[in-house]
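Chemist: need coordinates for the below:
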Amino acid sequence: MNKAKLMLTALLSVQILSACSQSDSTNNQIPDGNDHVTEYQDLGLSKYNPPIEVTFVRETSVGMENLIGLLPGQTLEDNTWSRFYEQVLGIKIKYDWIAKGDLYHQKLGVALASGDIPEVVRVNAQQLRLLSNAGLIQDLSEVYEKYATPLTKRILSQEGNGPFDAATIDGKLMGIPETGSSIEGAQYIWIRTDWLDQLGIKPPQTMDDVLAISKAFTEKDPDQNGDNDTFGLAITQYLWDPVMGITAFMAGYNAFPNIWIEDDSGKLAYGGIQPEVKEALKVLQVMYRKGQIDSEFGFKDGNKVKEQVAAGKIGMLYGQQWGSFLVQVSRDNNINAQWQAFPIVSLSGVAPKVPLSFSTNQFLAVRKDFKHPEAIVKLFNLHLEKNWGETAEYETYYISPLPIWQLSPVTPYPARKNLEAFRQLDEARRTGDTSVLKDEAKAIQKNIDTYLSGDKNKESGWGWERTYGPSGAFAILDQYEKNNQLLYESFVGAPTETMIEKQAILDNLQHETFVDIILGRPIDEFDQFVEEWHKLGGEKMTTEVNQWFAGRDSK
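Modeler: Numbering: from 1, shown residues only. Take a look at the predicted model:
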């Protein structure tokens, strides 16, 4: 299941890398940008003299190898960012080891189990708790408060206290959160609008409309090839994929199967066991039985379903804002294929809540015996300063047009940066004043302009326009927020003891049960699942979650 999700993420990385590479005709010889190094007065950006070394371990990938191949004179160990950190902060970045994919995770697992960790290690929330319980890492509470710059504190707090709650164990900050962006998890309905036009159908206003569109896309030969070979809705074998999953479909039935929500009594409850989920599963079962969902979806990961999109066999899918880059493949074979994002809809027609899973799941922990724990905070400070601070050099340290930021061992970013870029673009479109565009918005506008200009490489900007254009995904997100539709996950604490022990088992049970029901098992098996979920640890987990919730409210 996780592999399918990672594959989709990799697809996005490749698409964006390709789009960035094509959006500028300059060569890829990247300047260091270190000839004129700013000397900062802030304690959090002060330089070690003599320099110190900080060791990490590092995961690499095909995408990273391709990136480095486009950057002459740079390696993962010696590059624009490593040189800059040394020149400004006096910090030499070293890697104890580097590995790819599954091998990296295997080696990291062994290292964590044995306690043989680098001075700074990136871990998930469960690993952070295990390291803390084992006494292998140090409390960073005072270090963060003393050394984090105002910019860092402002950016890392854009998601509220949640990221720090997740890293706080027994009242101590045991890792610096590399905050994710929950708001980026908002989803939309991506629909082939040329098929809507072909069949004379309007965009959906209710879930009944969604079902009617799915039926028409399956039965009315929208591609006009005379064959019964199209599907109304695409889903992958991993039901919760960020694109081509069923999370937002279920939200249309007021079902939120992957997050903890506050119930009518004011306590936290797990969304995956609520009766609304059963209703949504029953609808999906009918859609599957009627051929609107591929009969082999349970065997197809994101790559396989993307091939169906490219072949023009899919008319609708749910997904995040980067779904535009995925559906763009259909235009490779049919330049007339048009997709557009639409707001998710509800059964009643009332604007539904849009579920946002808590997305901060990476933390930088510092080994117990390391004498310079503040170094990790300084690295965060400089990375944020050079990309979004007063001395930012976006085209040198972020995208040039290649994603240079990926070379850094730490990659914090503003959680709302993409929405803010859209709002700058929207203001510029409304007023004609392009001076409001900051670096990231300028780069996006350049991609959109390339597409709109009719340039031979215009297709590279199609996905950007579908995401950031006047009717794009972020225009919808802007309305989601203004309409108070965003439903943030209510539990954002560190994993409880039962979560560490039982979460994987419960997740697998839920996924297998839901897939089986969609494939045709009796719908009442959902009730059996709920009973089993409680017995296998869910009941105890719910108690722990509510203890955390009550404790937070009392602070």
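Chemist: quick check, pLDDT for residue 14.
Modeler: We have a pLDDT of 35 for residue 14.
Chemist: no wait, residue 263
Modeler: 94.
Chemist: pretty sure it contacts residue 269?
Modeler: Yes. Contact criterion Cβ atoms under 8 Å: residue 263 and residue 269 qualify, at 4.5 Å. Placement of C-beta: from N, CA and C, glycine included.
Chemist: for the two, indicate the residue with more neighbours.
Modeler: Comparing residue 263 with residue 269 by other Cβ atoms under 10 Å, the one with more neighbours is residue 269, at 18 against 12.
Chemist: give the other helices and strands that the helix or strand harbouring that one contacts.
Modeler: Assessed by DSSP states H and E, residue 269 sits inside strand 268-270. Contacts defined by 3 or more Cβ pairs under 8 Å, 6 or more residues apart in numbering; DSSP states H and E place strand 268-270 against strand 260-262, helix 539-553.
Chemist: same thing but at 6 Å, please
Modeler: Of the remaining helices and strands, those touching strand 268-270 by 3 or more Cβ pairs under 6 Å, 6 or more residues apart in numbering; DSSP states H and E are helix 539-553.
Chemist: residues of the helix it packs on that come out buried?
Modeler: For helix 539-553, the neighbour count (16 or more other Cβ atoms under 10 Å) marks 540-542, 544-546, 548-549 as buried.
Chemist: and it, what does it pack against?
Modeler: strand 268-270, helix 497-518.
Chemist: how about the longest one as PDB, C-alpha atoms only?
Modeler: Same thing as helix 497-518. Taking Å, rounded to 0.1, in the frame of the first residue of the first chain, the C-alpha atoms of helix 497-518 are listed here in PDB:
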ATOM      1  CA  GLU A 497       1.700   3.400  22.800                       C
ATOM      2  CA  THR A 498      -1.100   1.500  21.300                       C
ATOM      3  CA  MET A 499      -0.600   3.200  17.900                       C
ATOM      4  CA  ILE A 500       3.000   2.100  17.900                       C
ATOM      5  CA  GLU A 501       2.000  -1.500  18.600                       C
ATOM      6  CA  LYS A 502      -1.300  -1.800  16.700                       C
ATOM      7  CA  GLN A 503      -1.700   0.900  14.100                       C
ATOM      8  CA  ALA A 504      -0.300  -1.100  11.200                       C
ATOM      9  CA  ILE A 505      -2.600  -4.100  12.000                       C
ATOM     10  CA  LEU A 506      -5.700  -1.900  12.200                       C
ATOM     11  CA  ASP A 507      -4.800   0.000   9.000                       C
ATOM     12  CA  ASN A 508      -4.400  -3.300   7.100                       C
ATOM     13  CA  LEU A 509      -7.700  -4.700   8.500                       C
ATOM     14  CA  GLN A 510      -9.500  -1.500   7.400                       C
ATOM     15  CA  HIS A 511      -8.000  -1.500   3.900                       C
ATOM     16  CA  GLU A 512      -8.700  -5.200   3.300                       C
ATOM     17  CA  THR A 513     -12.200  -5.000   4.600                       C
ATOM     18  CA  PHE A 514     -13.000  -1.900   2.500                       C
ATOM     19  CA  VAL A 515     -11.600  -3.500  -0.700                       C
ATOM     20  CA  ASP A 516     -13.500  -6.700  -0.100                       C
ATOM     21  CA  ILE A 517     -16.700  -4.800   0.300                       C
ATOM     22  CA  ILE A 518     -16.200  -2.800  -2.900                       C
END
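Chemist: tell me the helix or strand right after that helix.
Modeler: helix 525-533.
Chemist: list the buried ones in that next one?
Modeler: Buried, per 16+ other Cβ under 10 Å, within helix 525-533: 526, 529-530, 533.
Chemist: would you turn those residues into a markdown table with distance to residue 364 and pLDDT?
Modeler: Listed next are those as a markdown table, based on distance: Cβ to Cβ, whole Å; pLDDT from 0 to 100:
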| residue | distance to residue 364 | pLDDT |
| --- | --- | --- |
| 526 | 40 | 98 |
| 529 | 37 | 98 |
| 530 | 38 | 98 |
| 533 | 33 | 98 |
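Chemist: now, which of the residues you listed sits nearest residue 52?
Modeler: Comparing these against residue 52 with Cβ to Cβ places residue 533 closest, at 48.7 Å.
Chemist: need the contact list for that closest one.
Modeler: The neighbours of residue 533, taking Cβ atoms under 6 Å, 6 or more residues apart in numbering as the test, are 273, 506.
Chemist: from here on, count from 48
Modeler: New numbering, starting at 48: the last item is residue 580.
Chemist: ok, now how distant is it from residue 587?
Modeler: Distance from residue 580 to residue 587, counting by Cβ to Cβ, to the nearest Å: 11 Å.
Chemist: I'd assumed residue 168 was in a strand, is it?
Modeler: Yes. Remark: residue 168 belongs to a strand, assigned using DSSP: H, G, I helix; E, B strand; the rest coil.
Chemist: state the distance from it to residue 475.
Modeler: 42 Å.
Chemist: neighbour count winner among these two?
Modeler: Using other Cβ under 10 Å as the criterion, residue 168 and residue 475 rank with residue 168 on top: 24 against 17.
Chemist: do I have it right that that one meets residue 414?
Modeler: No. When contacts are counted by Cβ atoms under 6 Å, residue 168 is not listed as touching residue 414 (7.3 Å).
Chemist: and residue 539, which of the three is it?
Modeler: Secondary structure of residue 539, per three-state DSSP, is coil.
Chemist: so it touches residue 209, yeah?
Modeler: Yes. In this structure, residue 539 is within contact of residue 209 by Cβ under 6 Å, at 3.4 Å.
Chemist: what touches both of the two?
Modeler: What both residue 539 and residue 209 touch, as defined by Cβ under 6 Å, 6+ apart, is the set residue 405.
Chemist: buried stuff in the following helix or strand past the strand holding residue 316?
Modeler: Downstream of strand 315-317, the first helix or strand assigned by DSSP H and E is helix 322-336. Judged by neighbour count (16+ other Cβ under 10 Å), helix 322-336 contains these buried residues: 323-328, 330-332, 334-335.
Chemist: kindly report the same for stretch 264-283.
Modeler: Quick answer for stretch 264-283 (16+ other Cβ under 10 Å): 264-265, 268-270, 277-283.
Chemist: which of the residues you listed lies closest to residue 447?
Modeler: For the buried residues of stretch 264-283, the residue nearest residue 447 by Cβ to Cβ is residue 283; the value is 33.6 Å.
Chemist: for residue 367, what are its contacts?
Modeler: Residue 367 is in contact with 234, 289-290, counting by Cβ under 6 Å, 6+ apart.
Chemist: just the pLDDT for it.
Modeler: At residue 367, the model reports a pLDDT of 98.
Chemist: tell me the backbone dihedrals of the nearest residue to it once chain neighbours are set aside, please.
Modeler: The shortest distance from residue 367 to any non-neighbouring residue, by Cβ to Cβ, 6 or more residues apart in numbering, is to residue 289 (4.8 Å). Per-residue torsions, residue 289: phi -70, psi -20 (degrees, to the nearest 10).
Chemist: related to what we said a few turns ago, and the helices and strands packed on helix 586-600, which is most packed in?
Modeler: The highest average neighbour count among the helices and strands packed on helix 586-600, using mean count of other Cβ atoms under 10 Å, belongs to strand 315-317 at a mean of 20.
Chemist: in its sheet, which strands sit next to it, and in what direction?
Modeler: Its sheet considered, strand 315-317 pairs with strand 307-309 (antiparallel) by DSSP bridges.
Chemist: residue ranges in this protein under the pLDDT threshold?
Modeler: By pLDDT under 70, the low-scoring segments of the chain are 48-84, 502-505, 600-602.
Chemist: that one: strands as residue ranges?
Modeler: Counting by DSSP state E, the segments of the chain that form strands are 99-107, 138-147, 167-170, 215-216, 219-220, 223-224, 235-239, 307-309, 315-317, 363-366, 386-389, 401-403, 410-413, 533-535.
Chemist: what lines up beside the last one in the sheet?
Modeler: The strands that strand 533-535 pairs with in its sheet are strand 401-403 (parallel) (by DSSP bridges).
Chemist: and for the third one?
Modeler: Within its sheet, strand 167-170 is paired with strand 410-413 (antiparallel), according to DSSP bridges.
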